[in-house]
Structures are given as C-alpha cells and as structure tokens.
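> Sharing a model prediction with you, sequence too.
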Amino acid sequence: MKSVILVVDDEPVARHSLSDILRLEGYSVNSVPNGQAAVEYVRTHPVDLMIVDLRMPGMDGLEVVQVVNQSSPDTEVILLTAHGSTETAIHALRLRIHDYLLKPAPPAQIIASVKKGLSRREARLSGRGAGAATPAEEAASEYRFKDGTTADLSRRVIRKSKKMAHLTPAEGRLLRVLLENPGKVFSHRDLVLLVQGYDTSPQEAPEVLRPLVSRLRHKLEDFPNLMSRVSSVRGTGYVYEEES
C-alpha cells in the first residue's frame, strides 16, 4: 500500500510542485491550502506523514502540529519554513516534529527526509505491535555502574539505593545515545538529529539541545558518578566517558 502524504501550504505553486515531486516518487499525495483544512482532513482520513508550511494565514504550522499530535499521534510531521529561528526550532522540538527544513529545500533533501520519517513511523508501529521486549533486549537496556547506580533505559528509570529519577522519552534517548557510544564525541547537531529526529543548523543546534541537557543533568544530580561522565566538549558537543 502506498504511503499517504498530506502537503499543507498556502502558496499554490509550492503546494503543487511539492505534490508532483512526491507523486513521482510513488506516494499517494493530497494537498490543502491552509491549517484548518489540514486539521479537518487528518480527522477524517489516515495520513502517514504531513509536510506543513510554518507561516500561513489563520492557523499557522505549529498550531496545526499541536492539534494533529492529539488527533493523529502516529502521523510524522516535516515543518517547512522560509524564516528559520532558534525559538521556532525549540518549539518544534517540544512538539515532536520529525524534521525542520528551510525553504527552498532541494527536492532530494525533502525526499530523503520523507523516506526517513516514514521509516521511523514504520519502525515505531512495528515495535509497538511486537509486544514486550525479550529478556535479552531488557538486559541490553540496563546499565550497572560500580557505585551501585543502575540506569534502566527501557523504563527510563535511574536508581541508587533509595534514590530514583524518571526520565522523559527525550531524556532517555539522549542518555541512551551517550551510554551506547562511550568515548565518542557527538556534535550538538548530531544529538538533535539522533534524539529528536530532525535536522537543524550548526548555529541553532546548541540552543535547541541545551535545555534538554540541562534537564537531564538536573535529574542526574543524585547520581554523581553517572553525571560526572556526561561531559561537555567545548564548542563541539557532548561525550560519555566510560568507567575505567
């Protein structure tokens, strides 16, 4: 069955050209000219992925995403904008947007982002249908440290004695990426892509990532051995330093 994509853009030329590009790739594509029409369409039709323009009259792109996240949480979203800003990127992070592309995005970049978003959706749905993790998978998600701290990433819980911290999904993904790659320095941009699933510029990435890292570190304060190993690499990003 063809993947269903909805294009939302108030500019007719942009809307039609993007729709044509995606149809040539074999997707089933529908398009609407504004945010309200997009919300109504998603409420009555299955949509695998949406490409939404940020700035539209009436309901803008971020408002559309907020509603769609509630009515169709399995729909992946790519946000297109000619006016990129750090504030918008941070808001996009909070709204679970798959990707954030600046107009005019090359067709190859859009197609690659669409393929990645649909693959992520399929993997998420397949994992949900597979049921509980096997014991081997659970074991691979649990890390034990010499001071008695344990990090259960399948449940997003960190424990030591009577102390416990619960992580959000994004915090859990960030910690997993670092723990699974000891000694590897990740750039801010790499971590935004790996943890949040969308690309951003090298200039914006630190501002997008900083609030997430700050929240994670706050929760790790009760686990100093673990916290001390999540290190900032000045001007580059972050690294997890493995226990000796």
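Great, that's in hand.
> packing partners for the strand or helix carrying Ala108?
Assigned by DSSP states H and E, Ala108 belongs to helix 107-129. The helices and strands touching helix 107-129, judged by 3 or more C-beta pairs under 8 Å, 6 or more residues apart in numbering; DSSP states H and E, are helix 12-24, strand 49-53, strand 76-81, strand 99-102. The way it works is simple: take the backbone N, C-alpha and C, and place the C-beta from them, glycine included.
> Any chance of TSV for these, columns distance to Arg229, mean neighbour count and mean pLDDT?
Formatted as TSV, those follow (distance: least, C-beta to C-beta, whole Å; neighbours: other C-beta atoms under 10 Å; pLDDT from 0 to 100):
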stretch	distance to Arg229	mean neighbour count	mean pLDDT
helix 12-24	44	15	95
strand 49-53	37	26	94
strand 76-81	33	24	88
strand 99-102	30	22	81
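> For Asp152, which of the ones you listed is the nearest?
strand 76-81 (27.8 Å; C-beta to C-beta).
> what's the domain layout of the protein?
As assigned by automatic domain parsing, the chain contains the domains 4-129, 135-240.
> By mean pLDDT, which helix or strand of the protein comes out lowest?
None of the helices or strands of the chain scores lower by mean pLDDT, DSSP states H and E than helix 135-140, at a mean of 39.
> for the following helix or strand past that one, packing partners?
With elements assigned by DSSP H and E, the helix or strand that comes after helix 135-140 is strand 142-144. Using 3+ C-beta pairs under 8 Å, 6+ apart as the contact test, the elements touching strand 142-144 are strand 150-152.
> Can you name the next helix or strand after the strand it packs on?
strand 157-160.
> Sheet-wise, list the partners of that next one with their directions.
Strand pairing for strand 157-160, determined by DSSP bridges: strand 150-152 (antiparallel), strand 163-166 (antiparallel).
> Show me what counts as buried in it.
For strand 157-160, burial by neighbour count (16 or more other C-beta atoms under 10 Å) applies to 158, 160.
> again with stretch 24-44
27, 29, 31-39, 41-42.
> Contacts for it, please.
Contact partners of stretch 24-44, identified using C-beta atoms under 8 Å, 6 or more residues apart in numbering, comprise 2-10, 12, 15-16, 18-19, 22-23, 45, 47, 50, 52, 56-61, 63-64, 67-68, 71-72, 75, 111, 114.
> And that stretch, how far out from the chain middle?
21 Å (C-alpha atoms, centre = their mean, to the nearest Å).
> now could you export just the CA positions of that stretch as PDB?
Extracted as PDB, the C-alpha positions of stretch 24-44 are listed here (Å, rounded to 0.1, in the frame of the first residue of the first chain):
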ATOM      1  CA  LEU A  24       6.800  10.900  -8.900                       C
ATOM      2  CA  GLU A  25       8.300   9.000  -6.000                       C
ATOM      3  CA  GLY A  26       5.300   6.800  -5.900                       C
ATOM      4  CA  TYR A  27       3.500   8.300  -2.800                       C
ATOM      5  CA  SER A  28      -0.200   8.900  -2.500                       C
ATOM      6  CA  VAL A  29      -0.300  12.700  -2.100                       C
ATOM      7  CA  ASN A  30      -3.100  15.100  -1.100                       C
ATOM      8  CA  SER A  31      -2.800  18.800  -0.500                       C
ATOM      9  CA  VAL A  32      -4.700  21.600   1.300                       C
ATOM     10  CA  PRO A  33      -4.200  25.400   1.300                       C
ATOM     11  CA  ASN A  34      -4.400  26.200   5.000                       C
ATOM     12  CA  GLY A  35      -4.100  24.900   8.500                       C
ATOM     13  CA  GLN A  36      -7.800  24.500   9.200                       C
ATOM     14  CA  ALA A  37      -8.300  22.400   6.100                       C
ATOM     15  CA  ALA A  38      -5.300  20.200   7.200                       C
ATOM     16  CA  VAL A  39      -6.800  19.600  10.700                       C
ATOM     17  CA  GLU A  40     -10.200  18.600   9.200                       C
ATOM     18  CA  TYR A  41      -8.500  16.300   6.600                       C
ATOM     19  CA  VAL A  42      -6.400  14.500   9.200                       C
ATOM     20  CA  ARG A  43      -9.500  14.000  11.400                       C
ATOM     21  CA  THR A  44     -11.300  12.100   8.600                       C
END
